[in-house]
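Colleague: Got a sequence here, can you model it:
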Amino acid sequence: MMAFSWLLAGAVVAAAGDVAPRDGYLLDLKDGLSDADVQDLAQEYGLSLRGNSIMASQDRLYLAGDELAGALQRLKEDGRVEAVEPNHIYTLPETWDAPAPVPEDGKLPKGFPDDPMFKSQWHMTMINMPEAWKKSQGKGSVVAVIDTGVSDGKGKYPRVPDLEGTHFVAGYDFIHDNNHPDDDHAHGTHVAGTIAQRTHNGFGVAGVAPQASIMPLKVLSKQGSGTAGDIAEAIRWAADHGAHVINMSLGGGGYSDVMARAVKYAHDKGVVVVCAAGNNGRARVEFPAAYPGALAVSAVGPDGKMAWYSSYGKEVFVAAPGGDTRVDLNGDGIADGVLQDTIAVGDPNRHGFFPFQGTSMATPHVAGLAALVRAQGVTNPDAVARIIGQSAEKRDDKMRYGNGLINAAAAVKAAEAPATTRLLTLGGLLFVVAAFARRRLGSAAVKLGAGGLVAAVLAGVGVFPLMGVDLPFANVLASPLPAWGGALLGEGPSALLASAALPLLASVLLLGVGRLRGVLLGLATGTAAFLMSEAFVGVMDIRLIPGAGMMDSAWLLINGVLTLLLAVLLTRR
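Modeller: Predicted structure coming up:
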């Protein structure tokens, strides 16, 4: 019998060609279709359509029965249809034993964190979490957990105690179509615990990003099964409702075009999508981890080597601790799985500290790390991935470890690099502007002054030492002025503020106030430094600019040059 503690890589999909017995086919229509268009299509093909959930009118995702089979090829060629496929069942294996909970011993280690069971969380020290927490704890980041649910205490079941201080945002239950995504299995709560369990609260265990918010999305039932339609819809729901990171500790062998489109949709909206590589122990990364736009995570055991159950392959992005409950290498009397507070299997009203293992457990370490990096002001999903990958501890075998074993301390330190780049760019532009003014205008040039220097720093780099400090509006002040609106909302800067608009408008309105000329000059120079450095560093996803990449950089560079020209003009009296 397979033990639940090592099986939790997530779901396995029904064999290709198998159809969900109660859900038939999945029909994904163009988002722009009206209700009348949908009705016309259904009549044309003789289909009886029903929404995959109550959000079907927005997502245009429908279910059809076996009567669709005869029209399958024609539907695939219909311009109103994005995808049509069997609505595969994803499921956690049915035969598993619940692991025994670990009792608390009440002993508090010195220093941070003071969680009494942290000493048994070998997986946290393996990725250098204590050093990482000094710089970031994930404040402002929202992580969607697409899983068996996470009880937030507002539904049928209570929160587990070590999630009591964790901030939750609204989620959804796609199994029962309601607003209470309670966990009645244990898997989802354990995953959420690794991401954001309360840390340094004198109780239980720690989480990677304790100040991040959890968005619980239930797509797997009490038995651990769910459909491709529900998972795809949850991905889109998360992207549309403010998630910055998505954790999917589930997977399977079957390709779903609907799910692949959903992953791309989330990535293009600026979301970091992190997925379990799978537990098949073979050279095959499972879906959704293998979709473009997803970060596939393999697992290592407590010895730092590839876990015996972990899937691997060319799609693996990084490795993270997944555990091995067969051993106790640190001799603490607790099996060396990933230890978190979760519900008691079979009784969601009780909790316990359980050591699970699997790529399911490795994945939330990476999702939590993405939340830490994002809280440092890196909002472009590709930049978050680049920082995590480049800072990982390199291993020779890329098929098994990808870019290497994640290093949280190195990643959050690397996330500070954009601030250094902005500072250097600002210094360079100030020198260029001052030199130009001195050479061309001599004593007639406008002087920057103390007010202008403050404006230049606020616009160009922000008070970056405040990044990650647990004070009201600290992350806003730590961000450059053009990114304040986005930092306040927990998003990337808007295209309007991340442009020449603010210094240009300020100059038009205040140009006649002679005392403010130096401040306007500083604002323009600082904004130019921010825009131009971001154009080359590329760590921010600019809202309202499609995608996340070249178009953002082009927008920033063009506006940076325009703002620099404005600064040159402002040097004249």
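Colleague: Could I get the contacting residues of G138?
Modeller: Neighbour list for G138: 196, 208-212, 368, 371-372, 374-375 [criterion: CB atoms under 8 Å, 6 or more residues apart in numbering]. C-beta coordinates here come from the backbone N, C-alpha and C atoms, glycine included.
Colleague: Could you measure from it over to V208?
Modeller: Distance from G138 to V208, counting by CB to CB, to the nearest Å: 8 Å.
Colleague: Identify those among the contacts of G138 that sit within helices.
Modeller: 196, 368, 371-372, 374-375 (DSSP state H).
Colleague: Flag the least confident of the residues you listed.
Modeller: For these, the weakest pLDDT value sits at A375, with 90.
Colleague: hang on, isn't that one packed against A212?
Modeller: Yes: if you go by CB atoms under 8 Å, A375 and A212 touch, sitting 7.4 Å apart.
Colleague: Now for those two: what residues contact both?
Modeller: Common contact partners of A375 and A212 (CB under 8 Å, 6+ apart): 137-141.
Colleague: is it true that L564 touches M532?
Modeller: Yes: when contacts are counted by CB under 8 Å, L564 is listed as touching M532 (7.3 Å).
Colleague: Quickly list what's touching both of these two.
Modeller: L429.
Colleague: picking up where we left off before, what's the most distant pair in the ones in helices among the contacts of G138?
Modeller: For the ones in helices among the contacts of G138, with distances taken as CB to CB, the pair at the greatest spread is A196 and R374 (13.2 Å).
Colleague: Spell out the residue ranges of the helices in the stretch 351-500 of the chain.
Modeller: 359-375, 381-391, 398-401, 408-414, 417-441, 449-460, 474-478, 484-489 (DSSP state H, counting those that start in this stretch).
Colleague: quick one, which of these is nearest to L27?
Modeller: That would be helix 381-391 among the helices of the stretch 351-500 of the chain, by CB to CB, at 28.8 Å.
Colleague: what's near enough to touch Y312?
Modeller: Contacts of Y312 by CB under 8 Å, 6+ apart are 277, 282-283, 285, 298, 306, 399-400.
Colleague: go on, V412?
Modeller: V412 sits next to 132, 135-136, 372-373, 376 when contact means CB under 8 Å, 6+ apart.
Colleague: Neighbour count and distance to K264 added to those residues, as a markdown table?
Modeller: Listed next are the contacts of V412 as a markdown table, based on neighbours: other CB atoms under 10 Å; distance: CB to CB, whole Å:
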| residue | neighbour count | distance to K264 |
| --- | --- | --- |
| A132 | 25 | 30 |
| K135 | 19 | 32 |
| S136 | 30 | 28 |
| L372 | 30 | 25 |
| V373 | 30 | 21 |
| Q376 | 29 | 26 |
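Colleague: Can you give me the domain assignment for the chain?
Modeller: Domain segmentation of the chain under automatic domain parsing yields 18-87, 118-414, 417-570.
Colleague: Tell me which of those domains sits nearest to P101.
Modeller: With respect to P101, and counting by CB to CB, the nearest of the domains of the chain is domain 118-414 at 2.7 Å.
Colleague: Kindly check the end-to-end length of the closest one for me.
Modeller: 26 Å (CA to CA, to the nearest Å).
Colleague: just stretch 140-156 next, same as before
Modeller: Taking CA to CA, stretch 140-156 runs 27 Å from one end to the other.
Colleague: Same question for stretch 492-504.
Modeller: 21 Å.
Colleague: Now that stretch: buried residues?
Modeller: Buried residues in stretch 492-504, counted by 16 or more other CB atoms under 10 Å: 492-495, 497-504.
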